[in-house]
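Q: sharing a model that was predicted from the sequence below.
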Amino acid sequence: MPKPKDINPQPPITKENIQLKQPQTVAGGLPAITSAVKHAFREMDAQQSIKTLFQVNQMDGFDCPGCAWPDPDDRRSVLGEYCENGAKAIAEEATKKRVTPEFFQQYTVAELSQYSDFWLGKQGRITQPMVLQTGQTKYEPISWESAFQLIAKHLNELNNPNEAIFYTSGRTSNEAAFLYQLFVRQFGTNNLPDCSNMCHESSGVALSETVGIGKGSVKLEDFYVADLIIIQGQNPGTNHPRMLSALQQAKRNGAKIITINPLPEAGLLRFKNPQELSGFVGSGTQLTDLFLPVKINGDVALLKGIMKILWDEEQAKDDIFDKEFIKNKTVGFEEFIADLKEQDIVKLAKACGISVREMEQAADLIMQSKNIIICWAMGITQHKNGVENIREIVNLLLLKGSIGKAGAGTCPVRGHSNVQGDRTMGIWEKPKAAFLEKLAQVFDFEPPSAHGYNTVEAIQAMADNKAKVFIAMGGNFLSATPDTELTAEALQNCDLTVQISTKLNRSHLLHGKTALILPCLGRSEKDIQKSGEQFVSVENSMGVVHQSRGKLPPASPHLRSEPDIVAALAMATLGTRSKVDWQALVDNYDLIRDKIEQVIAGFDNYNERVRKKGGFYLPNGAREGQFNTLSKKAHFTVNQVVTHQLSAGEYLMMTIRSHDQFNTTIYGLDDRYRGIYNGRRVVMMNEQDMQKASFKKGDFVNLYSHYEGKKRVAACFMVVPYPIPRQCVATYFPEANVLVPLHLKAHKSDTPASKSVVVRMELCG
Ligand SMILES: Nc1nc2c(c(=O)[nH]1)N[C@H]1C(S)=C(S)[C@@H](COP(=O)(O)OP(=O)(O)OC[C@H]3O[C@@H](n4cnc5c(=O)[nH]c(N)nc54)[C@H](O)[C@@H]3O)O[C@H]1N2
Ligand SMILES: Nc1nc2c(c(=O)[nH]1)N[C@H]1C(S)=C(S)[C@@H](COP(=O)(O)OP(=O)(O)OC[C@H]3O[C@@H](n4cnc5c(=O)[nH]c(N)nc54)[C@H](O)[C@@H]3O)O[C@H]1N2
Ligand SMILES: [Mo]
């Protein structure tokens with residue numbers, strides 16, 4: 001059957017009417033409140049907005065569906081522990097608007113694909129299961145039962161279970177994730193790619209290797225007693241706004257902050273806390289003491305430069321490094337120092353775009369500090385050397401003995417609110433043998449041991465016709481992954497695509513020969529099963545497992561919870577092949593938690609402890625100074641400096657988030673802190689580079705990437721002069737994903753290198 005060619009994998013390519021203002025230098029304050037209220041009121045009525053926002057992140061409320069930043073243990077604001085962008089996330093889910101069968105009747109899929117992602121998301125919550133039958137152009141309603149039978153038929157007709165792919169996005173609860181991986185493994189495959197593959201996979205790989213646990217080591221309280229906090233490749237003002245309150249408290253307690261980022265992000269410079277009275281008056285708290293505008297992907301060079309200065313000082317003063325710690329707790333120090341000695345500081349400065357003088361300032365702050373926390377996010381992980389970036393961060397912490405004690409440690413700041421928990425539950429294409437053994441023992445079956453596909457491999461497999469069924473537990477696979485046009489073809493190659501979703505997105509439109517949309521409850525909604533009202537649990541960025549209880553009435557009576565959908569899918573597909581009593585597990589989620597307790601370490605008395613105020617911490621060796629590597633020590637590593645040989649007219653592009661989006665969900669068209677309004681197709685560029693290229697502010701350009709002989713085009717982006725290092729440019733994700741080659745990815749973690757894509761630009765007509 002020919003594939004529909006008239007379906008648009010990309011948002012509409014038009015010249016947008018973008019307005020530019022000066023980038024801001026302070027985050028939060030009254031504008032944050034105003035924006036939160038505006039977004040909430042646009043989707044809900046006033047009474048509902050206020051009631052809903054007050055419930056967020058309260059001990060007995062629901063977990064914010066936004067980011068994974070932890071909640072304060074005791075000092076939760078009565079105003080509701082939410083932030084501006086949390087409010088947007090909730091408004092998006094609690095919207096009064098609905099996508100009904102009548103809606104789907106009005107548009108063909110091709111017509112829907114002509115609309116922007118912003119428009120698609122704004123149509124509201126999906127109310128009923130929908131099917132797009134082979135050869136049809138419109139989605140039609142289908143009963144849940146028929147939908148499950150259809151999926152079961154496709155799955156059971158495959159030649160091999162490895163021809164099916166089961167994606168997860170990180171909003172899925174522990175309970176749903178655990179059932180999902182159990183179903184998939186009983187079906188017979190480890191094809192469980194997840195959004196983590198595109199996110200903190202590099203952190204997981206690097207941290208497991210060097211400190212023996214793929215998660216961060218700090219607790220929230222550590223921020224309050226740290227001497228120095230380094231924030232590298234992360235934009236908390238937009239993506240983790242509640243982190244700014246922790247940073248403010250840290251500053252008040254005397255900590256210093258170094259920011260390493262190509263952009264002077266407003267949230268890192270100064271902060272007015274919207275939950276304090278002083279947040280409305282005065283000039284706010286200065287956060288960053290030293291800002292190092294590193295070139296994109298210059299981080300290894302910069303850290304090496306700083307550490308070389310520290311080494312020289314250590315030679316002179318002998319009290320800079322934590323020698324006790326290095327001797328007792330680490331291996332690889334000699335090799336690390338031997339490499340450092342070889343480095344030329346001037347070359348390092350050139351490679352990262354930070355002067356030796358600035359590196360000395362950073363070294364001074366580090367020398368004065370005993371307890372150091374380093375925070376990082378996508379600016380560090382999404383490079384070809386993402387894993388090495390993090391290993392170099394670990395080197396610095398190890399030199400100072402800054403891991404395994406109060407006020408110090410690693411802090412990879414997670415993205416999705418339960419992305420960390422999903423991995424803990426076994427959503428992983430490379431499960432550990434010990435985990436599979438436990439699963440086998442508790443559920444009496446033989447799980448597959450061969451590794452499955454990660455995200456990049458899954459796309460390749462579908463493109464190569466090696467996978468025929470694609471099922472997504474949340475997310476927006478088409479728009480979140482690299483190489484949009486290729487991913488579209490890959491999905492269109494499938495016999496069946498299934499999206500378990502709350503809201504409409506482009507992945508519903510780039511579909512397999514047959515396609516299903518299964519609408520589910522959101523985090524904020526009441527979940528009632530046979531034994532009564534249920535709650536679910538999630539794990540935040542710092543390893544705290546706690547409950548989340550929906551409070552709002554479901555958006556439609558037809559919605560089913562994620563655990564319920566998975567169980568029904570398992571029963572329809574596996575039938576008597578499974579010995580699991582799926583129905584009993586769904587009737588009472590306590591029984592799911594009992595099973596989790598039996599399989600996964602650290603969940604003892606799960607049902608009891610998760611009901612305690614604030615939940616419980618999972619065990620974390622690195623936090624206690626115990627490194628569960630093969631050598632039982634933390635590892636210094638030697639990492640190469642990367643240099644990008646850019647010719648004239650070539651730039652290194654990073655794809656980043658605006659202030660008005662959650663990944664592929666577009667809340668609005670403004671990036672308030674960066675002064676960019678009413679549009680998203682922009683390329684931020686250094687003014688001197690603009691002059692050199694003869695581009696003027698407001699010109700429109702096409703962007704090109706060339707990789708392995710293939711030319712990729714992203715058309716019609718407005719040039720925006722911006723304080724960014726020379727030969728570096730920034731665009732927004734997902735509009736620029738079309739330029740990110742599938743095979744441009746990090747060594748070892750396969751994380752797409754969506755922060756270092758070489759591009760060229762040409763004026764467009
Ligand atoms: N409101 C909101 N909240 C979110 C999200 C969202 O989209 N919206 N997404 C969630 C998810 S899934 C995630 S993973 C996180 C993402 O949170 P972030 O990682 O903060 O998100 P990005 O916008 O990708 O920002 C990357 C930052 O790294 C910088 N950067 C880019 N390249 C480099 C580099 O080579 N070196 C250094 N030092 N810096 C660099 C960029 O300038 C930018 O400030 O946020 C989560 N929270
Ligand atoms: N170029 C570039 N690409 C990137 C990135 C980048 O920085 N640059 N960042 C990467 C990162 S860090 C990540 S994490 C991925 C994100 O990738 P994904 O997690 O796949 O994408 P999201 O946009 O978060 O998914 C949004 C969709 O999830 C569905 N949804 C929302 N809530 C729920 C729920 O409770 N249940 C269910 N079942 N569905 C729900 C809605 O239908 C919504 O449309 O993107 C990656 N892609
Ligand atoms: Mo993420």
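A: That came through fine. Ligands and ions are numbered 1, 2, ... in the order given.
Q: going forward, measure contacts and count neighbours with C-alpha atoms only.
A: Noted.
Q: distance check, the nearest residue to Tyr589 once chain neighbours are set aside against Gly305.
A: In space, and not counting its chain neighbours, Tyr589 is closest to Gln534: 6.6 Å by Cα to Cα, 6 or more residues apart in numbering. Per Cα to Cα, to the nearest Å, Gln534 is found 53 Å from Gly305.
Q: low pLDDT regions in the protein?
A: 1-4, 46, 54-60, 73-82, 277-281 (pLDDT under 70).
Q: is ligand 2 within reach of whichever strand in it runs longest?
A: Selection of the longest strand in the chain by residue count, based on DSSP state E, yields strand 710-721. No - for strand 710-721, no contact with ligand 2 is found by Cα under 6 Å from any ligand atom; the gap never falls below 12.3 Å.
Q: quick one: distance of that strand to the chain centre.
A: Between the centre of strand 710-721 and the centre of its chain there are 24 Å (Cα atoms, centre = their mean, to the nearest Å).
Q: give me the residues contacting that strand.
A: Defining contact as Cα atoms under 8 Å, 6 or more residues apart in numbering, one finds that strand 710-721 is touched by 13-15, 18, 20, 681-687, 690, 695-706, 735-736, 738-739, 764.
Q: remind me which helix or strand Ala572 belongs to.
A: When secondary structure is defined by DSSP states H and E, Ala572 falls within helix 562-574.
Q: now the element after that helix, going C-ward?
A: Taking DSSP H and E, what comes next after helix 562-574 is helix 582-587.
Q: please identify the buried residues of that next one?
A: Of the residues in helix 582-587, those scored as buried under the neighbour-count criterion (16 or more other Cα atoms under 10 Å) are Trp582, Leu585, Val586, Asp587.
Q: cool, and stretch 105-123?
A: Within stretch 105-123, the residues scored as buried using 16+ other Cα under 10 Å are 109-110, 112-114, 116-123.
Q: identify the residues contacting it?
A: 6-9, 11-12, 92, 97-99, 137-140, 503-506, 509, 664-668.
Q: out of the contacts of strand 710-721, which are inside helices?
A: Taking DSSP state H as the definition of helices, these contribute Glu687, Met690.
Q: out of the contacts of strand 710-721, which end up buried?
A: Burial by neighbour count, judged by 16+ other Cα under 10 Å, picks out 18, 20, 681-687, 690, 695, 697-706, 735-736, 738-739 from the contacts of strand 710-721.
Q: just those residues: which are in strands?
A: Judged by DSSP E, the subset of the buried ones among the contacts of strand 710-721 located in strands is Leu20, Val682, Val683, Met684, Met685, Phe700, Val701, Asn702, Leu703, Tyr704, Ser705, His706.
Q: neighbours of the residue in the stretch 1-150 of the chain positioned nearest to ligand 1, how many?
A: When distances are taken as Cα to the nearest ligand atom, the stretch 1-150 of the chain approaches ligand 1 most closely through Cys67, which lies 4.4 Å from it. By other Cα atoms under 10 Å, 26 other residues sit near Cys67.
Q: alpha carbons only: can I get stretch 94-110 in PDB?
A: As requested, the backbone C-alpha atoms of stretch 94-110 are provided in PDB (Å, rounded to 0.1, in the frame of the first residue of the first chain):
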ATOM      1  CA  ALA A  94      -6.700  19.900  33.300                       C
ATOM      2  CA  THR A  95      -8.000  21.900  30.300                       C
ATOM      3  CA  LYS A  96     -11.800  22.000  29.700                       C
ATOM      4  CA  LYS A  97     -11.300  21.500  26.000                       C
ATOM      5  CA  ARG A  98     -12.000  18.100  24.400                       C
ATOM      6  CA  VAL A  99     -11.000  16.100  21.300                       C
ATOM      7  CA  THR A 100     -14.100  14.000  20.700                       C
ATOM      8  CA  PRO A 101     -15.000  11.600  17.900                       C
ATOM      9  CA  GLU A 102     -16.900  14.600  16.300                       C
ATOM     10  CA  PHE A 103     -13.600  16.500  16.200                       C
ATOM     11  CA  PHE A 104     -11.900  13.600  14.400                       C
ATOM     12  CA  GLN A 105     -14.800  13.400  12.000                       C
ATOM     13  CA  GLN A 106     -14.100  17.000  10.900                       C
ATOM     14  CA  TYR A 107     -10.500  16.500   9.700                       C
ATOM     15  CA  THR A 108      -8.600  13.900   7.800                       C
ATOM     16  CA  VAL A 109      -5.200  13.100   9.300                       C
ATOM     17  CA  ALA A 110      -3.500  14.900   6.400                       C
END
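Q: ok, that stretch near ligand 2 or not?
A: No - using Cα under 6 Å from any ligand atom, stretch 94-110 stays clear of ligand 2, coming no nearer than 10.8 Å.
Q: give me the element Leu303 is part of.
A: Assigned by DSSP H and E, Leu303 falls within helix 299-317.
Q: report the distance from that helix to the chain centre.
A: Centroid separation for helix 299-317 versus its chain: 31 Å, with Cα atoms, centre = their mean.
Q: and stretch 166-176, by the same measure?
A: Taking Cα atoms, centre = their mean, the mean C-alpha location of stretch 166-176 is offset from the chain mean by 13 Å.
Q: ditto for stretch 379-387
A: With Cα atoms, centre = their mean as the basis, stretch 379-387 stands 13 Å off its chain's centre.
Q: for stretch 611-626, same thing?
A: Remark: stretch 611-626 is offset 22 Å from the chain centroid, using Cα atoms, centre = their mean.
Q: same check, this time on stretch 85-100
A: Averaging C-alpha coordinates over stretch 85-100 and over its chain gives two centres that are 20 Å apart (Cα atoms, centre = their mean).
Q: residues contacting the residue in the stretch 451-600 of the chain positioned nearest to ligand 3?
A: Among all residues of the stretch 451-600 of the chain, Ala480 sits closest to ligand 3, at 9.6 Å; criterion: Cα to the ion. Remark: with contacts taken as Cα under 8 Å, 6+ apart, Ala480 is in contact with Asn663, Thr664, Phe733, Pro734, Asn737.
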